[in-house]
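> Any chance you can model this:
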Amino acid sequence: MREDFVLKIDNLSKRFPGVQALDSVSLQIRKGEVHAVVGENGAGKSTLMKILAGAEQPDGGSIFVNGQKIQAFDPQSARRMGIGIIFQEFNLIPYLSAAKNISLGREPHSMGWISNKKEVSAARKWLSEIEAAVPDTSPVQWLSVGQQQQVEIAKALSLDAAILIMDEPASALAATERSHLFTLIGKLRQSAITILYVTHSLDEVFRVSDRVTVLKDGKLIFTRPTQLTTTDDLITAMVGRKLDLVYPSKAEVIGNTMLSVKNLSSGAKLNDVSFELREGEILGVYGLVGAGRTELCKALFGVQSSTGQISLHGETLQKRHPSSAIRHGIAFLTEDRKTEGLIMGLSVRENIALPSLQRRTFWGIIKKKEERQKTFDISEKLKIKTSSIENDVFYLSGGNQQKVVIGKWLLAAPRILICDEPTRGVDVGAKMEIYSHLRDLADQGLAVILVSSELPEIIGMSDRILVMRVGKVACELDAAGVSEEKILAACLSESDTPASKDFAAGHPEDHENLLTKLNAVRKRIVQPDRLVFLTLLTLVGVGIFTSESFLNRYNLTSIVRDAAALGIVSMGQAVVMICGGLDISVGSIVSLTTIFAALLMNGSDTMIPIAVLVCLGAGMMVGVLNGFAVVKLKIVPFVATLGMMSVVHGIVLLIARGPVGAIGQAFRYISRGSVGPFPSALVIILFVFVVAVLVMNKTLYGRHLSATGANGEVARLSGIHIYWITFSSYIVSALSAVFAGLYLTSRMGMGDPLVGRGFEVDSIIAVLIGGIPFGGGRGNILGVIAGVFLLAVLGNLLNMWNLHSWYHQIVKAVILLVTISIYKQEGP
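Presented below is the predicted three-dimensional model:
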């Protein structure tokens, strides 16, 4: 192997269901070069990159880095070999800061305790290396797309990566961010870092690369110096034929007004927009980042609420909802195909058929034969590359997934088609096909709204162009003879203030209006982990106002003792839920513990050690079984732990049908004693809470729990053992329930088969209102603490007011529903 080849790939192959993704690909990459990899959608580009990064296993072939053969294909091995990757969909945890994302899986630590100072210092070093102006302590979900990409690059470089893979790095960037990216690539090249640059943009190939490789249908067509290659050479090699890069002819005849929009506003990013759309017309919508293009599309389709008037053929649309829009013949091809356009896990047929399903039913029964034929015809028309329309859409390439999104709306036979970035992330051949389909639809009388960030595409495809700026229509232009300069001038007209220009360039935070600021304040306040403290303080105030005895020592001690057991269980439940799971079995474990402990002690303090060990062993076994069911058997956590709850509860009832056993005086001291002036229950609950806060905020385990819950794949690719993290969370939850059961045994003086009833629901409520949502990924243990005391104070007040226990259940149900509704409004 030649010394200047840092990477050598020999006969690499990979097959997915029905698709040969890579077919004996061999490639050599020189040290310090920018090597572009291009090809049609489904050519094998992303598969090749995922194998190099350890995210996929090859079926055959070898990979050598600096002459050393890669033996294990996993993310950890790839990182050790100096390979870093920036995926098209960024691999960042949205709730973690830039610094935490950069160090994820490699946090500076001592005996499991993270050094935040070293972590931030290292992040700043790598961000400064690429001259990135990124706030390193802010959650990355608050950063712009360009800033998130800079965090990705800094993360890859922090691995001491000698080979950096970039998969469509410029596809979601604004013009200024792209320019910065290309400058950065030049600096990385000068630092002798090898870059594999995957792209669909041929302009980018000629701008940044030294050599270029073309893949087609999983095979390598050629590798050449970029300077010795032409655009025609690349296109011919990619699509197998010469392709005319000419946009379809413009509409010769445009019909009457089909859609009329007047004074449409939505939130702070769309304000007083008015325009008309005619039959047979393609109306282009252009604007810089933050101009309100996507917001306009969503408002028209009814995805987000809006004010103003929308009329179709002169009829005002009163109800604005996607289902209503579809009934009126409006279709919306979304910008984000994976999360908004497709349902992963369903087949190509099912995805294509979904919007128009009602048309092929008889008394609610789907006409499968008709559905198969129509969806097959659509897939053939759009040339979707799949061996069968029954294949899961997940396994299709990005471009073919985009064709499925287009196909589902074609089958719905709309009258108006709203397209938000329809060619983003697709190859040049697929682009030409999409252009042709859009123009054919317009020629058939459909009206098309085309939103695009590519000026040549807007000019080449549109009959008229709306230019948007700061949420408003800046001007309307005739596409005939218009220039890119004229459109950009409209985006940033001379009359604009500097603040307006900053907004159009993608910095809306510099000039938010009063409504936006108030909305931001509302969102920060109306969050479960903040509202729970306000609600708790309100309840305490109500208690003080309604009862003179609320603040006496006896009542406060009673509240603390009631909160202790729930607090211990809730800490374990929080660990599971932050990791993305759920444990319904905790109540049964509490009951089992009280039965075992009371029976084994039988009034004797000498049996305490044995009783505690047996209870811990039983709890450990339940936790292991829960973890095994979720991790190894892939059973949904709710179902797995619900089944375990039934099993454990059955065992409890086999042992005892009523109160059993007894405890000694020493064990009773755990719940009834005191430490100085403080009741022992308060000491216990404070100890548990402090440990939980430290573990979640200061340790590797806590950080990795959050990362696994937020995005398991990102965590895995960062070197985190996500299966062990998930598995262990159920053990922690079970052991927490055991400790709660031991505390209750001490308090009751006996075992009770029904004492754990309700702990599963109460612990989930405490965790939810404390700020940890279903699905996990984020959470505030302090909020959970407040949630526990909120429920304890609530129960105490209802008892003081002599209200029946069912009122307690009703109030808790209302709290749960309100909390979930807040999460729904807050979004991901």
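> Show me how this structure divides into domains.
5-239, 248-329+414-513, 342-413, 553-826 (automatic domain parsing).
> which stretch in these has the least confidence?
The minimum mean pLDDT among these belongs to domain 248-329+414-513 (a mean of 83).
> so where do the strands sit in the stretch 601-750 of the chain?
674-675, 678-679 (DSSP state E, counting those that start in this stretch).
> ok, and the closest non-adjacent residue to residue 220?
Leaving out its chain neighbours, the residue that sits closest to residue 220 by Cβ to Cβ, 6 or more residues apart in numbering is residue 25, at 5.0 Å. Any C-beta I mention is one placed from the backbone N, CA and C, and that applies to glycine too.
> right, and the secondary structure at that neighbour would be what?
strand (DSSP: H, G, I helix; E, B strand; the rest coil).
> what is it paired to in the beta sheet?
residue 12 (DSSP bridges).
> residues touching it, list them.
The contact partners of residue 25, by Cβ atoms under 8 Å, 6 or more residues apart in numbering, come to 9, 11-13, 44, 48, 61, 215, 218-220.
> And it, how far from residue 429?
20 Å (Cβ to Cβ, to the nearest Å).
> Could you do residue 388 as well?
From residue 388 to residue 429 the distance is 22 Å (Cβ to Cβ).
> out of the two, which sits in the busier spot?
residue 429 (20 against 12; other Cβ atoms under 10 Å).
> my read is the more buried one is in a helix, agree?
Yes: with three-state DSSP as the criterion, residue 429 is part of a helix.
> ok, and the closest non-adjacent residue to it?
residue 239 (4.1 Å).
> I'd like to know how many residues surround the one you found.
Quick note: residue 239 (other Cβ under 10 Å) scores 17 neighbours.
> That one and residue 40 touch, don't they?
Yes: contact criterion Cβ atoms under 8 Å: residue 239 and residue 40 qualify, at 6.2 Å.
> so what's in contact with those two at the same time?
216, 429.
> Can you check my assumption that residue 28 lies in a strand?
Yes: applying three-state DSSP, one finds residue 28 inside a strand.
> Mind listing the residues bridging to the closest residue to it other than its chain neighbours?
Nearest residue to residue 28, sequence neighbours excluded (Cβ to Cβ, 6+ apart): residue 5, at 4.7 Å. Beta bridges link residue 5 to residue 30 when assigned by DSSP bridges.
> For residue 5, grab the count of nearby residues.
Around residue 5 there are 17 other residues, counting by other Cβ under 10 Å.
> got the contact list for it?
Residue 5 touches 28-31, counting by Cβ under 8 Å, 6+ apart.
> closest to residue 788 among the residues you listed?
Set against residue 788, the nearest of those by Cβ to Cβ is residue 29 (55.9 Å).
> returning to what we had before: how about the strands of the stretch 601-750 of the chain, which one is nearest residue 646?
strand 678-679 (35.5 Å).
> strands paired with the closest one, and their directions?
strand 674-675 (antiparallel).
> Contacts made by the partner strand with the rest, please.
In contact with strand 674-675 (Cβ under 8 Å, 6+ apart) are residues 680, 683.
> State the helix or strand in which residue 195 lies.
Take DSSP states H and E as the rule and residue 195 turns out to sit in strand 194-198.
> Likewise for residue 375?
helix 368-381.
> I'd like to know which elements that helix is packed against.
helix 348-353, helix 398-411 (3 or more Cβ pairs under 8 Å, 6 or more residues apart in numbering; DSSP states H and E).
> Pull it out as PDB, backbone CA atoms only.
The C-alpha trace of helix 368-381 is given here as PDB (Å, rounded to 0.1, in the frame of the first residue of the first chain):
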ATOM      1  CA  LYS A 368     -56.300  -4.000  -1.100                       C
ATOM      2  CA  LYS A 369     -56.200  -5.100  -4.700                       C
ATOM      3  CA  GLU A 370     -57.000  -1.600  -6.000                       C
ATOM      4  CA  GLU A 371     -54.500  -0.100  -3.500                       C
ATOM      5  CA  ARG A 372     -51.700  -2.300  -4.600                       C
ATOM      6  CA  GLN A 373     -52.300  -1.600  -8.300                       C
ATOM      7  CA  LYS A 374     -52.500   2.200  -7.800                       C
ATOM      8  CA  THR A 375     -49.500   2.400  -5.500                       C
ATOM      9  CA  PHE A 376     -47.500   0.200  -7.900                       C
ATOM     10  CA  ASP A 377     -48.400   2.400 -10.800                       C
ATOM     11  CA  ILE A 378     -47.200   5.500  -8.900                       C
ATOM     12  CA  SER A 379     -43.900   3.800  -7.900                       C
ATOM     13  CA  GLU A 380     -43.300   2.900 -11.600                       C
ATOM     14  CA  LYS A 381     -44.200   6.400 -12.800                       C
END
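> Not counting that helix itself, show me its contacts.
With Cβ under 8 Å, 6+ apart as the criterion, helix 368-381 contacts 348-349, 352-353, 360, 386, 389, 404, 407, 410-411.
> Check stretch 468-480 too.
By Cβ under 8 Å, 6+ apart, stretch 468-480 touches 250, 268-275, 284-288, 290-293, 295-296, 458-459, 462-467, 486-487, 490-493, 496, 500, 503-504.
> quick revisit: drop anything exposed from the contacts of residue 5.
28-31 (16 or more other Cβ atoms under 10 Å).
> Kindly indicate which of those residues lies nearest residue 170.
Distances from residue 170 to these, taken by Cβ to Cβ, are shortest for residue 29, at 20.3 Å.
> which non-adjacent residue is nearest that closest one?
Residue 29 sits nearest to residue 7 (Cβ to Cβ, 6+ apart), 4.0 Å away.
> correct me, but the one you found touches residue 194?
Yes: the criterion here is Cβ under 8 Å, and residue 7 meets it with residue 194 at 6.8 Å.
> okay, and the common contacts of those two?
With Cβ under 8 Å, 6+ apart, residue 7 and residue 194 have common neighbours 29, 163.
> quick one on the thing from earlier: using CSV, list the CA coordinates for the host helix or strand of the residue nearest to residue 29.
Here residue 7 sits within strand 5-16, counting by DSSP H and E. Presented in CSV, the C-alpha positions along strand 5-16 are these (Å, rounded to 0.1, in the frame of the first residue of the first chain):
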residue,chain,number,x,y,z
PHE,A,5,-3.0,6.5,0.8
VAL,A,6,-4.4,7.0,4.2
LEU,A,7,-7.5,4.9,3.5
LYS,A,8,-7.9,1.8,1.3
ILE,A,9,-11.1,0.0,0.6
ASP,A,10,-11.0,-3.5,-1.0
ASN,A,11,-14.1,-5.2,-2.5
LEU,A,12,-16.5,-3.8,0.0
SER,A,13,-20.1,-5.2,-0.3
LYS,A,14,-23.4,-4.7,1.6
ARG,A,15,-26.9,-5.9,0.9
PHE,A,16,-30.2,-4.7,2.4
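> Compute the number of surrounding residues for residue 617.
12.
> Tally up the residues packed near residue 367, please.
Quick note: residue 367 (other Cβ under 10 Å) scores 13 neighbours.
> returning to what we had before: against residue 357, how distant is the residue nearest to residue 220?
Residue 25 is 40 Å from residue 357, by Cβ to Cβ.
> Same check on residue 793?
49 Å.
> More neighbours: which of these two?
Neighbour totals were compared for residue 793 and residue 357, and residue 793 leads with 21 against 13 (other Cβ under 10 Å).
> ok, for the more buried one, nearest residue in space, not its chain neighbours?
Residue 793 sits nearest to residue 539 (Cβ to Cβ, 6+ apart), 4.9 Å away.
> Residue 582 contacts residue 761, correct?
No: using Cβ under 8 Å, residue 582 is not in contact with residue 761, being 11.4 Å away.
> if you count what's nearby, which of those two comes out ahead?
residue 582 (25 against 16).
> now that one, what's its secondary structure?
coil.
> Apart from its chain neighbours, what residue comes closest to it?
Residue 582's closest residue in space is residue 637 (Cβ to Cβ, 6+ apart), at 4.5 Å.
> how close does the one you found sit to residue 650?
For residue 637, the distance to residue 650 - Cβ to Cβ - is 20 Å.
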